[in-house]
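J.: how would this look folded up:
(one chain, ligands or ions: 3)
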Amino acid sequence: MHCTLLGVPVQSGTGRRGCDMGPNGLRAAGLAEAIAALGHTVRDVGDLKPAPQRPVSHPNASIKALPETVAWLDALVEKAYELSAGALPIFMGGDHVMAAGTVAGVAGHAKDKGRPLFVLWLDAHPDFHTLESTESGNLHGTPAAYFTGQEGFSGIYPDLVAPVDPANVCMVGIRSVDPAERTGLRQAGVTVHDMRAIDENGIAVLIKAFLERVEAENGMLHVSFDVDFLDPSIAPGVGTTVPGGATFREAHLVMEMLHDSGLVTSLDLVELNPFLDERGKAAILLTELTASLFGRQVMDRPTRSYG
Ligand SMILES: NC(=[NH2+])NCCC[C@H](N)C(=O)O
Ligand SMILES: [Mn+2]
Ligand SMILES: [Mn+2]
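T.: Ligands and ions are numbered 1, 2, ... in the order given. Next up is the predicted model:
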């Protein structure tokens with residue numbers, strides 16, 4: 001397989017500084033080398049730069065850094081669209097607001113191909129706030145509402161060419177949801193597997209059901225991996241830790257199943273904050289998990305299936 005790494009050092013979507021070091025944290029942890037060691041070709045095209053700022057504003061006074069964030073999204077939608085036509089893009093964040101750009105860009109490409117886009121959202125949070133509903137004003141809480149075409153983003157975030165059908169979005173690992181998000185998710189019809197669903201069913205059952213749908217519908221699959229999907233004890237390098245996250249084995253199993261499915265067409269690695277990390281712990285784990293997604297396994301398996 002051929003992959004392209006793009007750094008997206010955006011941090012204007014969070015309340016904490018340090019995510020701008022995320023791409024270099026992943027480089028230092030050996031992300032490119034780990035993927036190449038599995039027999040793939042990897043090209044690191046360096047870091048994206050934001051577009052010039054537009055004069056955007058919104059009546060919600062709590063919103064932070066709107067023009068800066070929009071400038072990143074303007075550049076990223078275009079870049080993600082362009083990259084998704086070639087080698088499999090891996091977007092190294094940067095805070096999670098960047099998924100507004102990556103998913104919108106990749107969705108444009110899926111539309112060109114006449115294939116539906118599915119999104120697997122691995123996160124403690126649904127990031128389903130609109131510009132009206134955000135309480136913290138941190139725009140990394142908004143990307144999933146935007147790319148599924150919820151109201152209130154038009155004329156501010158880049159225009160969506162192809163909103164993702166909320167029914168094609170599957171969120172796993174969720175354990176911190178604001179009231180407005182809960183209502184919005186239910187109304188839109190997003191599949192949300194919270195931690196209780198993982199505890200009760202096992203993560204494999206949930207992932208398998210989703211992958212079967214993607215396959216049956218000949219979908220493209222974007223995976224958006226927020227570091228806080230993982231339990232903070234194994235991944236401390238993130239600004240929005242929530243206790244009770246995915247374990248080391250649950251996370252690797254998801255990645256191994258994604259590999260075996262052969263369905264993944266693009267990937268975000270987001271919210272890594274090297275300033276908050278402990279001796280590269282989260283950066284290294286994220287790299288190892290990505291290696292599982294690209295085919296690293298403990299033993300050869302007789303059948304390559306996620307079933
Ligand atoms: N990508 C993230 N880490 N998002 C955390 C969002 C937390 C909270 N729901 C907010 O809107 O502020
Ligand atoms: Mn997130
Ligand atoms: Mn999160």
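
J.: show me the contacts for Val190.
T.: Neighbour list for Val190: Pro126, Phe128, Ala144, Thr148, Pro166, Ala167, Val169, Cys170, Met171 [criterion: C-beta atoms under 8 Å, 6 or more residues apart in numbering]. All C-beta atoms are positioned from the backbone trio N, CA, C, and that covers glycine.

J.: drop anything exposed from those residues.
T.: Buried residues within these, counting neighbours by 16 or more other C-beta atoms under 10 Å: Pro126, Phe128, Ala144, Thr148, Pro166, Val169, Cys170, Met171.

J.: sitting in strands, which of these do you find?
T.: Of the buried ones among the contacts of Val190, the ones assigned to strands by DSSP state E are Val169, Cys170, Met171.

J.: mind listing what's buried in stretch 76-84?
T.: For stretch 76-84, using 16+ other C-beta under 10 Å, the buried residues are Leu76, Val77, Glu78, Lys79, Ala80, Tyr81, Leu83, Ser84.

J.: my bad, should have said stretch 105-125
T.: Neighbour-count burial for stretch 105-125 flags 105-110, 116-125 (criterion: 16+ other C-beta under 10 Å).

J.: for it, the distance to its chain's centre please.
T.: How far stretch 105-125 lies from its chain's middle: 11 Å, per C-alpha atoms, centre = their mean, to the nearest Å.

J.: and that stretch, end to end?
T.: 22 Å (C-alpha to C-alpha, to the nearest Å).

J.: could you list the low-confidence segments of the stretch 101-250 of the chain?
T.: Scanning the stretch 101-250 of the chain for pLDDT under 70 picks out nothing.

J.: contacts only, for Asp123.
T.: Contacts of Asp123 (C-beta under 8 Å, 6+ apart): His96, Met171, Val172, Gly173, Ile174, Ser224, Asp226, Asp228, Phe229.

J.: my guess is Ser62 contacts Asn138. True?
T.: No - taking C-beta atoms under 8 Å as the definition, Ser62 is not a contact partner of Asn138, at 9.1 Å.

J.: of those two, give the one with the bigger neighbour count.
T.: Asn138 (25 against 11; other C-beta atoms under 10 Å).

J.: measure that one to ligand 1 for me?
T.: 4 Å (C-beta to the nearest ligand atom, to the nearest Å).

J.: how far away is the residue in the stretch 51-200 of the chain that ligand 1 sits nearest to from ligand 2?
T.: At 2.5 Å from ligand 1, Gly141 is the closest residue in the stretch 51-200 of the chain, using C-beta to the nearest ligand atom. According to C-beta to the ion, to the nearest Å, Gly141 and ligand 2 sit 8 Å apart.

J.: thinking that residue is in contact with Ala124, fair?
T.: No - Gly141 is not in contact with Ala124 according to C-beta under 8 Å; the separation is 11.6 Å.
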